[in-house]
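I need the structure of the sequence given here:
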Amino acid sequence: MSAPSPFVPLNIAVLTVSDTRTAENDTSGNSLDQGAKEAGHNVVDRAIVIDDVYQLRAQVSKWIADESIHAVLVTGGTGFTARDTTPEALSVLFDKDVEGFGELFRQISYDEIGTSTIQSRALAGMANKTVIFCMPGSTNACKTAWNKIIKQQLDSTHKPCNFVMHLNTQFKGCM
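As a prediction, this is how the structure comes out:
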């Protein structure tokens with residue numbers, strides 16, 4: 001029997017995609033920031049970027065190029081309005097898609113908001129050994145994504161598997 005895996009605190013960046021949010025009223029970004037810190041991780045950078053494909057790509061590209069950032073949490077821009085461009089902006093940066101995130105998010109959300117969940121284009125992917133989770137801009141959606149999916153997948157002690165072994169960390173234990 002192998003020894004239990006140690007907890008590995010990750011460095012996380014939080015991006016809020018919005019034309020209207022400010023540092024003072026960014027409840028979704030604040031929720032993700034608080035959840036990450038309560039779980040024992042470090043929030044090392046935060047930004048609010050308008051819903052513009054190139055500005056989103058520039059910000060996230062900067063973070064995925066930084067080997068000290070292990071995960072990026074993105075809130076907003078995943079709906080169907082003309083301004084919602086997070087999937088188009090960021091999916092091209094992924095080396096690998098994490099299809100299960102969007103699928104599981106919508107399954108869990110169905111119990112909370114019913115069929116309206118089909119309008120969520122939540123997605124995730126890996127880029128340069130950094131995991132990127134993109135979720136809706138609602139604070140409740142961020143809490144659902146964090147508490148019911150992301151928190152466990154960023155926890156090196158979560159079994160049978162998690163993302164930590166795939167990230168730019170010193171921890172490469174067997175999951």
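
who touches Lys129 in this structure?
Residues in contact with Lys129 (CB atoms under 8 Å, 6 or more residues apart in numbering) are 67, 166-168. Just so you know, the C-beta spots here come from the backbone N, C-alpha and C atoms, and that holds for glycine as well.

of the residues you listed, buried ones?
166-168 (16 or more other CB atoms under 10 Å).

picking that back up, return the closest of the contacts of Lys129 with respect to Phe94.
Nearest to Phe94 among these, counting by CB to CB, is His166 at 13.0 Å.

surely that closest one meets Thr130?
No. If you go by CB atoms under 8 Å, His166 and Thr130 don't touch, sitting 9.5 Å apart.

now the strands: where do they sit in this structure?
11-17, 42-49, 71-75, 96-97, 123-127, 130-135 (DSSP state E).

Can you lay out those as JSON lines showing distance to Ala82 and mean pLDDT?
Shown next, in JSON lines, are these (distance: least, CB to CB, whole Å; pLDDT from 0 to 100):
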{"stretch": "strand 11-17", "distance to Ala82": "14", "mean pLDDT": "98"}
{"stretch": "strand 42-49", "distance to Ala82": "17", "mean pLDDT": "98"}
{"stretch": "strand 71-75", "distance to Ala82": "19", "mean pLDDT": "98"}
{"stretch": "strand 96-97", "distance to Ala82": "24", "mean pLDDT": "97"}
{"stretch": "strand 123-127", "distance to Ala82": "19", "mean pLDDT": "97"}
{"stretch": "strand 130-135", "distance to Ala82": "18", "mean pLDDT": "98"}
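
Of all these, which one is nearest Glu112?
Between Glu112 and the strands of the chain, the tightest spacing by CB to CB is seen for strand 130-135, at 13.1 Å.

I'd like to know which elements that closest one is packed against.
Counting contacts by 3 or more CB pairs under 8 Å, 6 or more residues apart in numbering; DSSP states H and E, the secondary-structure elements packed against strand 130-135 are helix 53-65, strand 71-75, helix 86-90, strand 123-127, helix 139-145.

Understood, closing this out.
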